[in-house]
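Undergrad: no FASTA, just this:
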Ligand SMILES: C[S@@+](CC[C@H](N)C(=O)[O-])C[C@H]1O[C@@H](n2cnc3c(N)ncnc32)[C@H](O)[C@@H]1O
């Protein structure tokens, strides 16, 4: 059986949570449960609430009375936590993006290594797939996602190929999509290019930037005064949102200041410099390569 997911920056993120044995913790991205199992090891009477919107993650839920699994998008986590009776928490962990399992199962449609439906939904109950995006999005929106989320060098040419094709027949499969965009896929750099294109589609299908912003705003409200927020990102735009929010309390623009010139932000950074995986971790787990870890806690008044 293949591994569901190898947790990234495990030691660093657990240290960042500074776990209290009787505390209340939230793992917003349960996945294979690697981070959750490690958090549970540090708890005595504490509780851990794990979120994941993917039904497949449920197979990894530990048999442990201290653990509660919530199969929902973490963009609603504040309401769920209130409903469960935990309006304030000691620590929140988010290890963003997709799990290796999601990426490695051909039918999920996340990877260009396989053929299959253009799907890419983390939540199998959602009714918006990668095919819907390619067939229905305006030319302007497609251009935006490939330029900013994919950071591809030729978004105009890519979108023209997509738009011309979908006027003839709608997109349904990965293989067909790859054939259509072959004329703008750089020779000898196919892998990198397709990874960028597929990443852009995935981010938009799952509204990853919007849910990240909602999650950060809710986290700032949910943490106890000495609580910890630990976020692992895999995309420069995501890391920028996390960094800006921790530093300025905003996603863009400068921080607001009070009458005395003090910056008005709910959080303060624990690590001034972003934490990256070491060479050894990257060697053992290639998926750690782009990981960036940031840790914050509420700003004391
Ligand atoms: C990188 S994996 C986390 C792996 C986990 N830390 C582990 O050690 O196994 C991200 C997981 O979060 C889930 N996920 C991503 N965004 C989500 C969201 N907005 N709401 C709920 N789950 C989400 C994905 O389905 C995936 O299983």
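TA: Right, received. Where do you want to start? Everything numeric in this text was worked out from a predicted model, so none of it was measured.
Undergrad: check contacts around the closest residue to the ligand within the stretch 151-300 of the chain.
TA: Closest approach between the stretch 151-300 of the chain and the ligand, counting by Cβ to the nearest ligand atom: residue 211, at 4.3 Å. Yep, even glycine has a C-beta here, placed from its N, CA and C like the rest. Residue 211 makes contacts with 73-75, as judged by Cβ atoms under 8 Å, 6 or more residues apart in numbering.
Undergrad: and if you look at residue 2?
TA: Residues in contact with residue 2 (Cβ under 8 Å, 6+ apart) are 101, 104.
Undergrad: any idea which helix or strand carries it?
TA: Residue 2 is part of no helix or strand, with elements assigned from DSSP states H and E.
Undergrad: Write out the residues of the stretch 101-250 of the chain neighbouring the ligand.
TA: 122, 211 (Cβ under 6 Å from any ligand atom).
Undergrad: For the stretch 101-250 of the chain, just list every one of the strands.
TA: Remark: strands assigned in the stretch 101-250 of the chain by DSSP state E, counting those that start in this stretch are 223-233.
Undergrad: The ligand versus the residue positioned nearest the centre of the chain, what's the distance?
TA: Among the residues of the chain, the one closest to the centroid is residue 96, at 2.4 Å (Cα atoms, centre = their mean). From residue 96 over to the ligand the distance is 6 Å, taken as Cβ to the nearest ligand atom, to the nearest Å.
Undergrad: so that residue makes contact with residue 29?
TA: Yes. If you go by Cβ atoms under 8 Å, residue 96 and residue 29 touch, sitting 6.4 Å apart.
Undergrad: what about the nearest residue to the residue nearest to the centre of the chain once chain neighbours are set aside, how many residues close to it?
TA: Leaving aside its sequence neighbours, residue 96 sits nearest to residue 233 (Cβ to Cβ, 6 or more residues apart in numbering; 5.4 Å). Residues within reach of residue 233, counting by other Cβ atoms under 10 Å, total 24.
Undergrad: and what of residue 131?
TA: 23.
Undergrad: distance of residue 85 from residue 49?
TA: In this view, residue 85 and residue 49 are 10 Å apart by Cβ to Cβ, to the nearest Å.
Undergrad: When the two are compared, which one has more neighbours?
TA: Under the neighbour definition other Cβ under 10 Å, residue 85 and residue 49 were set side by side, and residue 49 has more, 23 against 8.
Undergrad: Spell out the secondary structure type for that one.
TA: Three-state assignment for residue 49 (DSSP: H, G, I helix; E, B strand; the rest coil): strand.
Undergrad: Please name the bridge partners of it.
TA: Going by DSSP bridges, residue 49 is paired in beta bridges with residue 26, residue 68.
Undergrad: Contact partners for it?
TA: Counted by Cβ under 8 Å, 6+ apart, residue 49 has contacts 24-27, 67-70, 80-81, 84, 86.
Undergrad: Please check the residues you listed and keep the buried ones.
TA: Burial by neighbour count, 16 or more other Cβ atoms under 10 Å: within the contacts of residue 49 this picks out 24-27, 67-70, 80-81, 86.
Undergrad: which one of the residues you listed sits closest to the ligand?
TA: When these are compared against the ligand (criterion: Cβ to the nearest ligand atom), the nearest one is residue 27, at 6.9 Å.
Undergrad: and residue 145, how many neighbours?
TA: 22.
Undergrad: what does residue 30 give?
TA: 31.
Undergrad: Give me the local confidence score for it.
TA: On the pLDDT scale, residue 30 is placed at 98.
Undergrad: Ramachandran angles for it?
TA: phi -60, psi -50 (degrees, to the nearest 10).
Undergrad: tell me the contacts of residue 236?
TA: residue 151.
Undergrad: By neighbours, which of the contacts of residue 211 wins?
TA: residue 74 (25 neighbours).
Undergrad: In contact with the spatially closest residue to it that is not a sequence neighbour, which residues are there?
TA: Sequence neighbours aside, residue 28 is the residue nearest to residue 74 in space, at 4.1 Å (criterion: Cβ to Cβ, 6+ apart). Neighbouring residues of residue 28 by Cβ under 8 Å, 6+ apart: 51, 74, 77, 92-94, 215.
Undergrad: for residue 28, phi and psi?
TA: The phi/psi pair for residue 28 (degrees, to the nearest 10) is phi -80, psi -20.
Undergrad: The one 4 residues further on now?
TA: In terms of degrees, to the nearest 10, the main-chain angles of residue 32 are phi -80, psi -10.
Undergrad: how many neighbours does it have?
TA: Residue 32 is flanked by 20 other residues according to other Cβ under 10 Å.
Undergrad: what residues are up against it?
TA: So residue 32 contacts 3-7, 57, 60, 99-101 (Cβ under 8 Å, 6+ apart).
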